[in-house]
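# pasting a predicted model and its sequence here:
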Amino acid sequence: MLTTKATTTLLFLSSLALNAILYFKMSPPRRAISASSGPGELPLASPHTHTALEFDLGAHHYNITDAGSWTSLVPAYGGHIWLRPNAGSPARSGENEYAVGLFSDLRCLDVIRAAFVSLRDASGPSVISAEQEVDVDGCLGQIQQAIRCASDITIEPTVLECDEQLGICDSGASGDHVVHQCRDWVQVRQFVERHQRR
């Protein structure tokens, strides 16, 4: 069973990762560096439509052991879409497959979640496969970069939490019940679902 400190740390890291993923889409538009690098961002009608989201960590919409609810965050086909390489490229150049950052980040968060559950619930030695370790390592790097890129500037109140068994107190912020400004991820998902090859 996880200690209070480990549970608090896990909730904090999960909150931070989800916050970064949602906030990531508010950054200024990225443009293609070259004709071969792709479109840069989804060509949405209103790419900077914002929505207010009050974080509610007590809602437990995505239980850590419910793989199905985590899988439902990413559209079919991994959230991959097919688009022309850039708006200026001729139609004859065809379409290329792209992954949308939001869904790559959510998939990574699910990879980390699954590895954590596997290690937590292991009855024998706490070991994950070499493939899982590579996936988790890559995903931790991706989530770390998404968090830094988003640079969420929302001010969150801190809460003092104490572990009576260890006699340790520490302050931390979870973002719980704090309103954050986020891009409209529903609009992103709808675009992705319209531009998938089936």
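Here it is on my side, so go on.
# isn't there a strand covering residue 162?
Yes. Counting by DSSP: H, G, I helix; E, B strand; the rest coil, residue 162 is located in a strand.
# ok, it to residue 110 distance?
32 Å (Cβ to Cβ, to the nearest Å). Where you see a C-beta, it was placed from the backbone N, CA and C, and this is true even at glycine.
# neighbour count: these two, which is higher?
Between residue 162 and residue 110, residue 110 has the larger neighbour count (other Cβ atoms under 10 Å), namely 18 against 12.
# apart from its neighbours in sequence, what residue is nearest that one?
Counting by Cβ to Cβ, 6 or more residues apart in numbering, residue 110 lies nearest to residue 70, which is 4.5 Å off, once chain neighbours are set aside.
# how about residue 160?
residue 171 (5.0 Å).
# tell me the SS of that neighbour?
strand.
# verify the contact between residue 95 and residue 84 for me.
Yes. The criterion here is Cβ atoms under 8 Å, and residue 95 meets it with residue 84 at 5.7 Å.
# who has more neighbours out of these two?
Under the neighbour definition other Cβ under 10 Å, residue 95 and residue 84 were set side by side, and residue 84 has more, 17 against 14.
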